[in-house]
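Asker: Pasting the sequence and the predicted model now:
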Amino acid sequence: MERIKAGKIGRQKLQDMAILKFPFGTLDVRGPQLLTDHQIGSGVDIHVQVPEMKQMVLLSKASPTGRGDWRTQRKSKSMNLEAILQLPTKTLERNLRRIGQDLSNAFSNLREQQSSPSQVLKLTVYLCMKKYFVMPKSVEESALIIRNFHKDEFLLKAVSVELPDKSAVYFPCNSCVYNTNHYDTDRVFFSTKMHLPQDTPTGLKKLRNQELINMRGNGSGLRKEADRIYDYAVYNDLGDSDQHESLERPVLGGNDEFPYPKRIRTGRPEIDPMAEHRGEMYAKFYIPRDERVTLVHTPGLVQKDAIEEASRKMMPALYALYSTQVEFQSLDQVFDLFKKGGSMSSADSKCAPKCAPSEAEAVIKLRPPKVIAASENAWMLDEEFARQVLAGVNPVAIERVREFPIRSALDTTSYGSSLSAITASHIEPYLEGLDLQTTIAEQKLFILDYHDLYLPFVDKINQCPTSKAYATRTLFYLRRDGTLIPIAIELSLPPCEGENQSSMNRVVTPPPLNTKNWTWELAKTHVMSNDAGYHQLISHWLRSHATMEPVIIATHRQLSSLHPVHQALVPHFKNTMDINAAARKALVNAGGIIEKTFTPHEISMQMSSTWYKHFWRFDEQALPADLLKRGMAIPDDSKEQGIRLTIEDYPFAADGLELWGAIQTWLSDYVEVFYKDNTSVRNDEELRKWWTEIRTVGHGDKKDADGWPLLDSKRSLVHILNIIMWIASCYHAAVNFGQYEYAGFMPNHPTMTRKLIPDEGTAEFEEFRNDPESFYMSMISNETQAAVIAITTEALSTHAIHEEYLGQGPSPNWTSEDRVLAAFSRFQKRVRKIEKMIAKRNQEKRLKHRHGPAQVPYELLHPSSEPGLTGKGVPNSTSI
């Protein structure tokens with residue numbers, strides 16, 4: 001061990017001193033103790049108490065100005081508080097009591113002086129120790145214990161140890177530290193020096209293992225705010241039968257009928273053996289506190305939690321759904337929602353959430369979504385309808401037709417013939433002179449097929465008086481000019497007992513060019529309603545939010561923060577559990593926003609479970625595999641990813657493959673630093689337990705299904721991590737941040753259909769024929785529902801000011817590995833290059849799907865973005 005002598009206290013240079021810097025958020029700490037491999041050292045305790053501050057405290061490097069010198073000074077618009085503690089050990093306790101009071105007064109005075117939210121508090125605390133103390137040969141192989149003796153928690157961002165040779169060791173913490181009474185063991189933080197389990201220094205092994213034990217908990221008891229426990233539970237908290245019997249819902253997960261990924265365990269008491277109590281209306285569901293630390297700067301507010309801000313906007317909308325519904329009379333009134341604004345009334349239903357806030361009476365005013373910004377009519381064109389299947393908010397459902405006639409996989413005894421009602425005679429007039437088989441052979445025929453997902457649920461949906469649906473199929477043709485157009489829509493209902501099964505299918509085809517046919521428009525509306533439900537429940541919620549939560553839980557339970565894979569993944573988990581908990585509270589729950597505004601109503605989450613059961617596979621979440629599965633690409637060894645797109649102008653896929661490849665290269669370089677060979681991967685006990693737990697516990701309902709790669713080599717590890725990072729960043733960005741621009745204007749992507757298309761000879765058909773626009777408005781979402789969707793999609797499509805985008809590191813000192821920093825620098829350069837490539841593609845006139853008639857450029861995979869509602873940007877994580 002090396003003994004280092006601290007220099008004298010005073011104004012002299014610090015080169016001979018050992019300095020502990022505490023760059024905290026709100027400062028409330030006693031510690032740290034510097035641990036060696038044998039846990040020996042001088043162990044200087046610091047106890048500084050200040051009022052809890054809800055701001056993020058930034059770092060401001062200070063120079064020594066003499067003992068006890070406290071000063072505040074105004075620099076531009078920021079306030080700078082420099083606190084320099086220079087305390088001989090023999091007077092430590094006496095001085096700390098005085099310093100604690102001084103800090104408290106300084107913070108109090110500073111807060112009174114701050115006059116605008118733009119002012120930022122900056123604080124750096126230095127401790128210069130006039131004492132010999134024991135240091136290990138490598139401080140990087142040490143750990144820090146932080147003890148908080150104040151009643152309030154504080155956000156500890158990082159600790160750095162500056163050594164006499166001017167080198168520094170960085171301890172990234174990013175954790176809320178509560179009073180010691182909340183913990184059975186000390187809070188321990190490791191440096192940026194990462195170790196595989198088999199290579200961990202002896203002195204750190206016990207701490208490493210104990211931290212993982214702490215994270216797992218014992219699987220019992222009610223979780224409390226200060227807990228750091230990650231455990232699993234099924235979705236048994238979506239229903240609320242305590243409030244009303246109509247709000248009872250089946251348990252998702254843990255059973256064969258409704259399999260589902262696991263969520264975080266909260267330990268709340270059970271209503272009955274099958275359901276967990278949802279708690280008070282405004283009580284947050286438990287998630288580990290560090291999953292909820294994100295702050296966001298918003299106009300008029302100093303700092304605000306990003307998820308709370310979204311919830312603040314959505315809760316009044318949820319209450320409004322239980323009020324008397326307001327109807328649109330014309331399309332002009334929908335446009336007025338953005339020109340003049342609208343209002344939402346308080347709830348009056350027994351099933352409404354309790355304690356409706358007064359702000360539910362609020363008047364809303366929103367900017368026009370991009371889909372109607374350039375033209376108020378382009379959204380209705382067939383070309384724009386088709387373009388959005390490739391470049392809209394749900395570009396992940398279209399498939400290539402590989403055989404004809406189209407067949408269903410449903411049981412024929414329950415649902416009739418497996419053959420589609422669409423025939424060659426329906427579509428050949430639209431194939432530019434080609435016959436059907438040639439069109440298929442030339443890879444020009446595509447389908448949006450929601451038949452098999454929706455048909456088993458259509459009867460239940462249509463039993464609801466305010467919701468009506470078909471199971472739809474839509475065929476598209478790729479024209480010679482490279483643009484996609486719809487050429488046929490099939491609308492299916494389940495066969496009724498005693499009726500001819502063929503009467504349940506209806507095929508609608510487009511009208512002649514430059515003419516309008518309202519039956520065709522209604523058919524497209526039902527397709528988009530199917531698509532909206534599929535998008536929100538499957539493409540968005542299930543595939544990016546719900547399936548990622550078990551991965552996050554397993555990562556904290558099985559991978560130490562010392563593990564390189566843990567460090568690589570954590571930036572891609574930011575805010576995900578927080579928004580998932582908020583979704584269970586108000587979005588996907590019984591009587592929540594989705595049930596009240598989407599056609600599937602109360603069976604929404606059952607549909608999500610059904611898709612997970614029959615179609616979800618981990619390996620097919622990889623973009624190349626997904627494209628191959630859907631026939632949107634074919635193998636081609638000459639291409640970087642080994643595939644070639646069947647539609648060159650497929651913006652989501654084209655831009656996505658660029659980002660997929662960049663992430664893959666970055667991860668390959670990263671894994672190469674820490675694993676010397678495939679054997680070292682197989683010998684990694686933590687990694688093995690992590691992957692096993694994801695499959696057998698987190699996704700335990702599908703543990704025996706196909707699609708789980710073996711984790712037995714560096715290549716397989718890279719592929720698994722690539723899928724996880726792709727889902728958390730690029731995939732989620734593609735299906736989330738365009739929601740307002742495409743679905744904020746409800747008629748473009750209606751979430752609700754309330755009527756079927758009337759049959760000729762009926763009174764309803766006469767009503768439709770006499771005033772088709774009025775009938776159309778009565779079929780789609782009403783004004784209240786449209787306003788709620790606009791508010792909700794705006795909140796979910798907004799980037800916070802603190803957002804970390806793809807290619808941005810969590811902090812300047814996030815790793816001490818030079819090879820990792822070099823690899824990450826290459827990754828950053830490649831991401832910037834892709835960003836420029838996307839901008840260039842959007843300027844190419846031949847790529848018509850990148851703008852379309854509505855003139856909305858495809859920027860959803862443009863990596864960077866400004867804060868706010870931008871319709872672009874790829875955050876590192878599923879953060880909203």
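Answerer: It's in.

Asker: switch to C-alpha atoms for all contacts and neighbour counts from now on
Answerer: Noted.

Asker: From Arg216, how far off is the residue nearest to Met746 when sequence neighbours are not counted?
Answerer: Distances taken as Cα to Cα, 6 or more residues apart in numbering put Ala786 closest to Met746, at 5.8 Å, once the chain neighbours are dropped. As for Ala786, its distance to Arg216 is 43 Å (criterion: Cα to Cα, to the nearest Å).

Asker: Just want to know which of these two has more residues nearby.
Answerer: Comparing Ala786 with Arg216 by neighbour count (other Cα atoms under 10 Å), the higher total belongs to Ala786, at 26 against 18.

Asker: And the pLDDT at that one?
Answerer: We have a pLDDT of 92 for Ala786.

Asker: Where does it sit, in terms of helix or strand?
Answerer: Here Ala786, judged by DSSP states H and E, is contained in helix 783-796.

Asker: next helix or strand past that helix?
Answerer: Moving toward the C-terminus from helix 783-796, the next helix or strand (DSSP H and E) is strand 798-799.

Asker: hmm, who's touching that next one?
Answerer: For strand 798-799, contacts defined as Cα atoms under 8 Å, 6 or more residues apart in numbering pick out 737, 865-870.

Asker: buried stuff in stretch 465-476?
Answerer: 466-476 (16 or more other Cα atoms under 10 Å).

Asker: From these, which land in strands?
Answerer: Judged by DSSP state E, strands contain the following of the buried residues of stretch 465-476: 471-476.

Asker: Can you give me every residue that contacts the residue nearest to Met746?
Answerer: 744-746.

Asker: remind me which residues of the stretch 251-400 of the chain are low pLDDT?
Answerer: Counting by pLDDT under 70, the stretch 251-400 of the chain contains low-confidence ranges at 281-282, 293-324, 342-364.

Asker: Top of the contacts of Ala786 by number of neighbours, please.
Answerer: Neighbour max across the contacts of Ala786 (other Cα under 10 Å) = Gly744, 30 neighbours.

Asker: Spit out the contact partners of the nearest residue to it once chain neighbours are set aside.
Answerer: In this structure, Gly744 finds its nearest non-sequential neighbour in Ala790, 4.4 Å apart by Cα to Cα, 6+ apart. Under the criterion of Cα under 8 Å, 6+ apart, the contact list for Ala790 reads 366, 740, 743-746.

Asker: Buried residues of stretch 172-191, list them for me.
Answerer: Using 16+ other Cα under 10 Å as the test for burial, stretch 172-191 gives 172-180, 186-191.

Asker: Out of those residues, which sit inside helices?
Answerer: In helices, defined here by DSSP state H, there are no members of the buried residues of stretch 172-191.

Asker: Just the closest of the residues you listed to Ala373, please.
Answerer: Looking at the buried residues of stretch 172-191 and their distance to Ala373, the nearest is Asn174, at 41.0 Å (Cα to Cα).

Asker: my read: that closest one touches Val159, true?
Answerer: No: contact criterion Cα atoms under 8 Å: Asn174 and Val159 do not qualify, at 9.9 Å.

Asker: So which residues of the stretch 451-600 of the chain form strands?
Answerer: Taking DSSP state E, counting those that start in this stretch, the strands of the stretch 451-600 of the chain run over residues 471-478, 484-492, 505-508.

Asker: Sorry, slip of the keys, the one I care about is the stretch 751-880 of the chain.
Answerer: Using DSSP E, counting those that start in this stretch, the strands of the stretch 751-880 of the chain run over 798-799, 868-869.

Asker: Pick the most deeply packed of those strands.
Answerer: Stretch with highest mean neighbour count among these: strand 798-799 (a mean of 24; mean count of other Cα atoms under 10 Å).

Asker: That one: partners in the sheet, and parallel or antiparallel?
Answerer: Strand 798-799 has the following strand partners under DSSP bridges: strand 868-869 (antiparallel).

Asker: what's the distance between the residue lying closest to Ile213 once chain neighbours are set aside and Gly203?
Answerer: Nearest residue to Ile213 in three dimensions, chain neighbours excluded: Arg557, at 7.7 Å (Cα to Cα, 6+ apart). Distance, Arg557 to Gly203, by Cα to Cα: 21 Å.

Asker: Which one's more surrounded, those two?
Answerer: Neighbour totals were compared for Arg557 and Gly203, and Arg557 leads with 23 against 16 (other Cα under 10 Å).

Asker: Asn209 is in contact with that one, correct?
Answerer: No: contact criterion Cα under 8 Å: Arg557 and Asn209 do not qualify, at 10.5 Å.

Asker: Show me where the protein dips below the pLDDT cut-off.
Answerer: By pLDDT under 70, the low-scoring segments of the chain are 1-140, 161-166, 281-282, 293-324, 342-364, 497-503.

Asker: Can you give me the domain boundaries for it?
Answerer: Domain assignment for the chain, taken from automatic domain parsing, gives 2-191, 373-528+753-780.

Asker: What separates the first and last residues of the last one, distance-wise?
Answerer: Translated: domain 373-528+753-780. Domain 373-528+753-780 stretches 21 Å from its first residue to its last (Cα to Cα).

Asker: give me the number of residues near Asp704?
Answerer: Neighbour count for Asp704, taken as other Cα under 10 Å: 11.

Asker: let me redo that: Trp708
Answerer: Residues lying near Trp708 (other Cα under 10 Å) number 16.

Asker: Excluding covalently adjacent residues, which one is nearest to Leu687?
Answerer: Using Cα to Cα, 6+ apart, the closest residue to Leu687 is Leu559 (6.8 Å).

Asker: Roughly how far does Trp541 sit from Ala583?
Answerer: 9 Å.

Asker: now do Lys284
Answerer: From Lys284 across to Ala583, the span is 11 Å (Cα to Cα).

Asker: swap in Leu431?
Answerer: Per Cα to Cα, Leu431 is found 44 Å from Ala583.

Asker: And for Asn517?
Answerer: 39 Å.

Asker: Would you mind telling me which of those two has the busier surroundings?
Answerer: For Asn517 versus Ala583, neighbours defined as other Cα under 10 Å are more numerous around Ala583 (21 against 12).

Asker: quick one on the thing from earlier: relative to Tyr650, which of the strands of the stretch 751-880 of the chain is closest?
Answerer: Among those, the nearest to Tyr650 by Cα to Cα is strand 868-869 (23.9 Å).

Asker: quick one: buried residues of the helix holding Ala786?
Answerer: Neighbour-count burial for helix 783-796 [16+ other Cα under 10 Å]: 783-796.

Asker: okay, now Trp660: neighbour count?
Answerer: Residues near Trp660, counting by other Cα under 10 Å, number 21.

Asker: where's it, which helix or strand?
Answerer: Per DSSP H and E, Trp660 falls inside helix 651-674.

Asker: At which residues are the helices of the stretch 751-880 of the chain located?
Answerer: 763-770, 772-779, 783-796, 818-841 (DSSP state H, counting those that start in this stretch).

Asker: Out of those, which is the most enclosed?
Answerer: Highest mean neighbour count among those (mean count of other Cα under 10 Å): helix 783-796, with a mean of 25.

Asker: gap between that one and the chain center?
Answerer: Counting by Cα atoms, centre = their mean, to the nearest Å, helix 783-796 is centred 19 Å from the centre of its parent chain.

Asker: Using CSV, list the CA coordinates for that helix.
Answerer: Extracted as CSV, the C-alpha positions of helix 783-796 are listed here (Å, rounded to 0.1, in the frame of the first residue of the first chain):
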residue,chain,number,x,y,z
GLU,A,783,-64.6,15.8,-30.0
THR,A,784,-63.9,14.7,-26.4
GLN,A,785,-62.0,11.6,-27.5
ALA,A,786,-60.1,13.5,-30.2
ALA,A,787,-59.0,16.2,-27.7
VAL,A,788,-57.8,13.5,-25.3
ILE,A,789,-55.8,11.8,-28.0
ALA,A,790,-54.3,15.1,-29.1
ILE,A,791,-53.3,15.9,-25.6
THR,A,792,-51.9,12.5,-24.9
THR,A,793,-50.0,12.1,-28.1
GLU,A,794,-48.5,15.6,-27.6
ALA,A,795,-47.3,14.7,-24.1
LEU,A,796,-45.8,11.4,-25.3
